[in-house]
Each structure stands twice: as structure tokens, then as C-alpha cells.
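Enquirer: my questions concern the predicted model and sequence given below.
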Amino acid sequence: MHNQKLGLNGALRPIEVVFVGQIPPPYHGQAVMMAALLEGTYCAIRLHHVPLAFSRVMSEVGRLRLSKLVHLPFVVGRIWQIRVRYGAQVLYYPPAGPHIVPIMRDIGVLLPTRPLFRTTVFHFHAGGLGAFLPHLPAPLRLLAHVAYWQPDLAIRNSTAAPDDGAALGARTEAVIPYGIDDAIPEGPPQRPPLEGRPARLLFIGALRPTKGVLVLVEAVRQLLRAGYDVTADLVGSPISPAFEARLREVIVASGLSERVQLHGVLTGPAKDAAYRAADIFCFPTFYEAETLGVVVIEAMQYGLPVVATRWRGVVDLVKPGDNGLLIPPCDPHALASAIAELLDDPEELQRMGAAGRAIYLERFTLDRYRANVEAALVSAWNLAQTATR
């Protein structure tokens, strides 16, 4: 941090950072982690938040709306205002995933603001942008190239996530996994034995096809046919009314109305109760913008064994045979078999849950996450300062 400016009293002044991003609502991993960073206390940086309030519910995410066009000038104006008022030199921005509407949003925000800053940091909470850009129409591709090209720092959540920073010519990169606050410092709950009651499976996340919720519904059907007594709680907001209707139709057609429950978004005590009541956390994602999966870390925190897909950064969280099992994407039979394997061995199920809790405490705490992000931002700012001398 030796390049930081000195104040009048000789003390190091914090680096002023324009921190652009969405916080809940809606509730999804990126928004939750942005809020967690904003709520932190830092010594070397000071964050000035510019909200990206383009979507209030999950069904609006990635869709073009007139209200979003109206909000765009506010975002740009607010960035300009903070840049001038505080002399901010660092722009922190979360680029879009592989979807055209949020890419257009990014172009509208970045083109008039990036030239004002000495340092640009892209934090890829969503993955897949680099591979998607070549498929854009030529005029849009050119604008995207100008907007995104060569950030000073690219942050991604896992080495197994898409290397979007390299695709955009980032000068430096930092791999920083998520970390969350410990909601249960007293330790995970003591769950009752499985004998004489249904095993409760839990999914938390956006209800969309590529999160694997239909795969989980089919796995529940197969488990019941094989004689396993299970229920499934699906927590999260449907990505659209059409998909919610389809999901409910599949549940009814499969005869699972009493076994699979949709709870919508749960927060606070209600979400805590869902984790405490569960026996196994299921995350069969193959989502195109997935990077790490905050909910998997939450499940580990609560001492739940995890059955998930071998997909991007999930492999950094779930170690097969240690704190859970990994399966191929889009394979309900493999999911059902992995769940059955855990149900057949209650002692192993308990051991895996305890291992997940230990891994969380060692690698995925919120203090560790905030410290790593702060260090990366300071390093990027110092490198930019050195390059201009």
C-alpha cells in the first residue's frame, strides 16, 4: 500500500472507490455478495455505492424494460457525481453474464464513465461473458469491445469459472472465492435421526431450468419409486411466471404435490429455519452464468452434506467423499443415486456435514473475503499509479 496518498497529518488516505452494483432485492448470489462487501469496514479503501436497480424481482432480470432505460442516466450521473466530489480514481464494476440485455446495460454505463477513472476493476460474479461476446452482432460487438476491453484488474471467484478477464485482456487477475458471515456461531443444529420421518432435501436459488430444479424433481420421483422416504423444499423466486407454471405442472404430473414444496424467497429467520430443517442440500446447477454458488457455502456453514453437479466453481466447494458428492449435469438418475448413497449411511451423512462446516470456517468466512477484495483493489490502484509514472 506504499503508493497510497498521504493526508495532511501524514496518515495514509483511503482509496476512493466508485462501487457499482445491485444489492437485494432481488435475492441472488451476486446481489447478496455485493451487499456483504458494502457492509464491511476497511482501512485502505472507501466504497461509494452506485446502485444498479434495474431489476426488482427475478422475473425482470435479463429482460428489456422501459424503466431500465430511464434508470440508466441516473447510474451514469451518479458515477460522475462521486468521481468529482470525492476524487475517486477506482471504478469497481460487475460485468454482465452471457445475456444481451445486461451487456447493453454495461455498454451504456461503461462507455461514458470508464475514461474518467485511472483504474477499472471488473468483478465477474457472473461467468461466460468472454465466450459470448464474439457471437454478438458486429456493431454491438464493437461497442462491447470498447466498453469492456483491458480492465486493470479482473476478479473471478474460482479458477474453474470462465476466465473472462483473460478474454477481455485484463492487465492483472485475482481469484477470490466468496465468503459469508457465520449465521450460527454456536454451531450447526443437532438433527434428529432419519428413522421414522422423511429425509428433507433442500434447494435454494433462482428457480430456472439451468439451476437443475426439474432434475431435482425427477430425482425425488425416482427416489420415492425406489422406496426412499424423501421430501424436497425449493426456495427461491421463479425466473418467470411461465417457468413457475411449468414447474408446478411437472410436480403435479409426477404425483409429487405432497412431496415437493415451493416456498418462494426466504430471508432471515425463515431461511435459517429451512437450512436447520434440511438433511441434504441439493444443487444440480448447470446455469450458464454460474461461478461459485453462495448457497453451497451457506449449506456447508449449516453442516449440511451437499450433492451438486461437477460444474464450474462448485468443484472448489464440494470435495467428493469429504463434504458431499458431485454428479454430472442434467442427470436425475445420478442425482437420485447420490442422495440414496447418503441416506443409506446416516453416519457418513453426518460426517460429511461436519466436514463441510470445517471447510467453511477455514476458507469461506466473510472477513477473509472482504480482506482479499480490499487487498486486490489496493494492488490494482498501486499498479495503475506506478504505470503512469
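Expert: Noted; the coordinates are in hand. Here the structure is a predicted model, which means the values were calculated and not measured.
Enquirer: chain center to the helix or strand of the chain with the lowest mean pLDDT: distance?
Expert: Ranked by mean pLDDT, DSSP states H and E, the weakest helix or strand in the chain is helix 66-86, scoring a mean of 88. Centroid displacement of helix 66-86 relative to its chain, using Cα atoms, centre = their mean, to the nearest Å, is 25 Å.
Enquirer: what's the next secondary structure element after that helix?
Expert: strand 90-93 (DSSP states H and E).
Enquirer: pull the residues that contact that following strand.
Expert: 15-21, 45, 47, 79, 106, 109-110, 113-114, 116-123, 377, 380-381 (Cβ atoms under 8 Å, 6 or more residues apart in numbering). C-beta: built from backbone N, CA, C; applies to glycine.
Enquirer: ChimeraX command to pick out the buried ones of the residues you listed?
Expert: Command for ChimeraX that selects the buried part of the contacts of strand 90-93, burial taken from 16 or more other Cβ atoms under 10 Å:
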select :15,16,17,18,19,20,21,45,47,79,106,109,110,113,114,117,119,120,121,122,123,377,380,381
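Enquirer: mind listing what Ala219 touches?
Expert: Ala219 touches Cys282, Pro284, Pro332, His333, Leu335, Ala336, Ile339, counting by Cβ under 8 Å, 6+ apart.
Enquirer: sort out for me which of the contacts of strand 90-93 are in strands.
Expert: 15-21, 45, 47, 119-123 (DSSP state E).
Enquirer: could I get those residues as TSV with distance to Leu168 and pLDDT?
Expert: Formatted as TSV, the ones in strands among the contacts of strand 90-93 follow (distance: Cβ to Cβ, whole Å; pLDDT from 0 to 100):
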residue	distance to Leu168	pLDDT
Ile15	23	96
Glu16	24	97
Val17	20	98
Val18	19	98
Phe19	20	98
Val20	17	97
Gly21	18	93
Ile45	23	97
Leu47	23	98
Thr119	15	97
Thr120	10	97
Val121	12	98
Phe122	7	98
His123	13	98
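Enquirer: buried among the contacts of Ala219? Need that as a selection in ChimeraX.
Expert: The buried residues among the contacts of Ala219 can be selected in ChimeraX (16+ other Cβ under 10 Å) with this line:
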select :282,284,332,335,336,339
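Enquirer: what's the most distant pair in the contacts of Ala219?
Expert: Cys282 and His333 (14.1 Å; Cβ to Cβ).
Enquirer: now do the helices in the stretch 51-200 of the chain.
Expert: 66-86, 100-110, 129-132, 138-148, 164-167 (DSSP state H, counting those that start in this stretch).
Enquirer: just put those in TSV and tack on distance to Thr267.
Expert: What follows is the helices of the stretch 51-200 of the chain, written out as TSV (distance: least, Cβ to Cβ, whole Å):
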stretch	distance to Thr267
helix 66-86	24
helix 100-110	24
helix 129-132	29
helix 138-148	33
helix 164-167	30
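Enquirer: still on that earlier bit, okay if I get the contacts of Ala219 as JSON lines plus secondary structure?
Expert: Below are the contacts of Ala219 laid out as JSON lines (DSSP: H, G, I helix; E, B strand; the rest coil):
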{"residue": "Cys282", "secondary structure": "strand"}
{"residue": "Pro284", "secondary structure": "coil"}
{"residue": "Pro332", "secondary structure": "helix"}
{"residue": "His333", "secondary structure": "helix"}
{"residue": "Leu335", "secondary structure": "helix"}
{"residue": "Ala336", "secondary structure": "helix"}
{"residue": "Ile339", "secondary structure": "helix"}
